[in-house]
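Participant: missing the sequence, but the structure's below:
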């Protein structure tokens, strides 16, 4: 029998009864695997481990005639998912076509069609994707998948519109063939034999945090904030729960080991973490195998998956409101972007670019820099068209003639203007996709290169005194969003701020607030007395009205949905923006 359908290309199934306990290794593919696990089930287990080759070889070793007719659609669907993961969208599409043709279960048709549309979208066949999505009977699929169908349909439509405007062949909006990067992905039908079936202690909550290494300070902050939430909760049962912290270290491997220990040894019902994004895709897959909810605080939000929830501030939330205000209220239409060449920076820059482009704005410059540099003249010079003076021959000639006319023979502070090319500012504002400390170094570099009085746009981590301390009056009129709003704090935010300050004798920041939110989310979910990890996951998916340190928030598509405030810098102070935020 096929198990129920769950989101994204992970192994996401649940057992409705309390089965006989099996160890982790019992559920892995091996020559001695239980006979009731079919070849498709074994292939799914390989796929769940990320072993695409093993999964495909297992499927290819099976004669299709030996597979029950009613299960063949699952065979083709899994084969399509494997090809999609291997970045072969055209082959994936062929397999999803077979899944639709072989399908004996009418209620699964819409899900297979969505998978096919995803493959087309990844292959830059946006018209085909749009057409397939339009043929899906939305009434036959669950509300979560309905939203995904509509979201992908909008993306395909927008991609076609952008391509038509540019007169080019259509491409994915994100510029990447990876569907998860664009926020879409296929669903998967799986067999229950490959899920972990060990015991659960419903009074234990795990913390997957770095307690050693260069991220130790972040892990401690999360631990303190979570402990505060459980110790001072209004829920009388909160003190009955035990928090178990495991060191996730600073590598993907150490994070995976911590996850395994929290589930298999500590038997936790849910996990707050990870804090860093290394290996988050593998953690998402493994959390589905364990059926344990993960409440991630990582800056990069990673794949949309059944048991992974994101309590950090989403890139989309940060960018959308800021771009709307910049373009609608400030009248900016052309932008420059500078961002670190790491996953958070690239994700932030790409999201900003997509948002601006969708509103018919223009990205004039996009420059990435090494996250480890401290001298930002190179990326700034590229933005200001100073990096290649040899391309500005006419202006060079004019300067030479002016020097000759004024009899200037050497360059000094007073005569530098007759030697240096002026910066070209062909944009309205600069989006700096980095934290306050780094932005406070980048912004003065623009001024140093004679690009004065520029307008800047930032991200939530600009909500720090370091921004003004470093950039001073050069950051005047800058705008950025805030999640942890202490300028005009709600009662919940103020209560958390005062409690944290009095307990730890230091003021909390955004990460502390987000960790407190994650704990508040878990506590609200546990109020419903879930009987299993997966039941808790189902509860969390529809949780709303959580009172946290950042104010009230709800879960929408596995993300903590918050209304962010918008701030501007006025005479070195942060002030709320209240106009034009509808």
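Facilitator: Perfect, thanks for sending it. Computed from a predicted model, the values in this text were never measured in an experiment. Numbering: from 1, shown residues only.
Participant: can you tell me the closest non-neighbouring residue to residue 322?
Facilitator: Spatial nearest neighbour of residue 322, chain neighbours left out: residue 481 (5.4 Å); criterion: C-beta to C-beta, 6 or more residues apart in numbering. C-betas here are computed from N, CA, C, even on glycine.
Participant: does that neighbour touch residue 565 like I think?
Facilitator: Yes: counting by C-beta atoms under 8 Å, residue 481 touches residue 565, with 6.9 Å between them.
Participant: surely residue 426 is within a strand?
Facilitator: No: under DSSP: H, G, I helix; E, B strand; the rest coil, residue 426 falls outside any strand and is assigned coil.
Participant: buried residues, stretch 459-470. List them.
Facilitator: Buried residues in stretch 459-470, defined by neighbour count with 16 or more other C-beta atoms under 10 Å: 459-464, 466-468, 470.
Participant: quick one: mark the members of the residues you listed that sit in helices.
Facilitator: Among the buried residues of stretch 459-470, the residues falling in helices (DSSP state H) are 466-468, 470.
Participant: and which of those is nearest residue 384?
Facilitator: Relative to residue 384, the closest of these is residue 470; by C-beta to C-beta it sits at 19.9 Å.
Participant: which ones are touching that closest one?
Facilitator: Under the criterion of C-beta atoms under 8 Å, 6 or more residues apart in numbering, the contact list for residue 470 reads 436-437, 439-441, 443-444.
Participant: the residues you listed into CSV, with extra columns for distance to residue 532?
Facilitator: Shown next, in CSV, are the contacts of residue 470 (distance: C-beta to C-beta, whole Å):
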residue, distance to residue 532
436, 42
437, 44
439, 45
440, 48
441, 50
443, 51
444, 55
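Participant: selection in ChimeraX covering whichever of these are buried, please.
Facilitator: One line in ChimeraX is enough to select the buried members of these, burial here meaning 16+ other C-beta under 10 Å:
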select :436,439,440,441,443,444
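Participant: I'd like the contacts of residue 470 as a markdown table, with distance to residue 253 and secondary structure appended.
Facilitator: Output for the contacts of residue 470, formatted as a markdown table (distance: C-beta to C-beta, whole Å; DSSP: H, G, I helix; E, B strand; the rest coil):
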| residue | distance to residue 253 | secondary structure |
| --- | --- | --- |
| 436 | 32 | helix |
| 437 | 29 | helix |
| 439 | 33 | helix |
| 440 | 35 | helix |
| 441 | 33 | helix |
| 443 | 38 | helix |
| 444 | 40 | helix |
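Participant: look up the closest residue to the residue nearest the centre of the chain, ignoring the ones flanking it.
Facilitator: Centroid-nearest residue in the chain: residue 301, 2.4 Å away (criterion: C-alpha atoms, centre = their mean). Leaving aside its chain neighbours, residue 301 sits nearest to residue 310 (4.7 Å; criterion: C-beta to C-beta, 6+ apart).
Participant: and the pLDDT for that neighbour?
Facilitator: We have a pLDDT of 93 for residue 310.
Participant: count of neighbours near it?
Facilitator: Using other C-beta atoms under 10 Å, residue 310 is surrounded by 23 other residues.
Participant: low-confidence ranges in the stretch 151-300 of the chain?
Facilitator: For the stretch 151-300 of the chain, the stretches with pLDDT under 70 are 164-194.
Participant: give the contact list for residue 50.
Facilitator: 282, 285.
Participant: what about it, helix or strand, and which?
Facilitator: Assigned by DSSP states H and E, residue 50 belongs to no helix or strand.
Participant: need phi/psi at it.
Facilitator: The phi and psi values for residue 50, taken as degrees, to the nearest 10, are phi 90, psi 10.
Participant: oh, and call the first residue 20 from now on, that's how I've got it
Facilitator: Okay, using 20 as the starting number, the last item reads as residue 69.
Participant: tell me how far it lies from residue 305.
Facilitator: 10 Å (C-beta to C-beta, to the nearest Å).
Participant: same question, residue 482
Facilitator: Taking C-beta to C-beta, one finds residue 482 at 33 Å from residue 305.
Participant: can you tell me the closest non-neighbouring residue to residue 264?
Facilitator: Spatial nearest neighbour of residue 264, chain neighbours left out: residue 226 (4.1 Å); criterion: C-beta to C-beta, 6+ apart.
Participant: and the helix or strand encompassing that neighbour, how far out from the chain middle?
Facilitator: Here residue 226 sits within strand 223-228, counting by DSSP H and E. Offset of strand 223-228 from its chain centre (C-alpha atoms, centre = their mean, to the nearest Å): 21 Å.
Participant: in its sheet, what does that strand sit against?
Facilitator: Within its sheet, strand 223-228 is paired with strand 261-266 (parallel), strand 289-291 (parallel), according to DSSP bridges.
Participant: about what we covered before: make sure the residue nearest to residue 341 is indeed in a strand.
Facilitator: Yes: counting by three-state DSSP, residue 500 is found in a strand.
Participant: for burial, what's the neighbour tally of it?
Facilitator: For residue 500, the count of nearby residues is 25 (other C-beta under 10 Å).
Participant: residue 584 versus the closest residue to residue 383 other than its chain neighbours, what's the distance?
Facilitator: Take residue 383 and drop its neighbours on the chain: the residue closest to it by C-beta to C-beta, 6+ apart is residue 446, 4.6 Å away. Going from residue 446 to residue 584 by C-beta to C-beta gives 26 Å.
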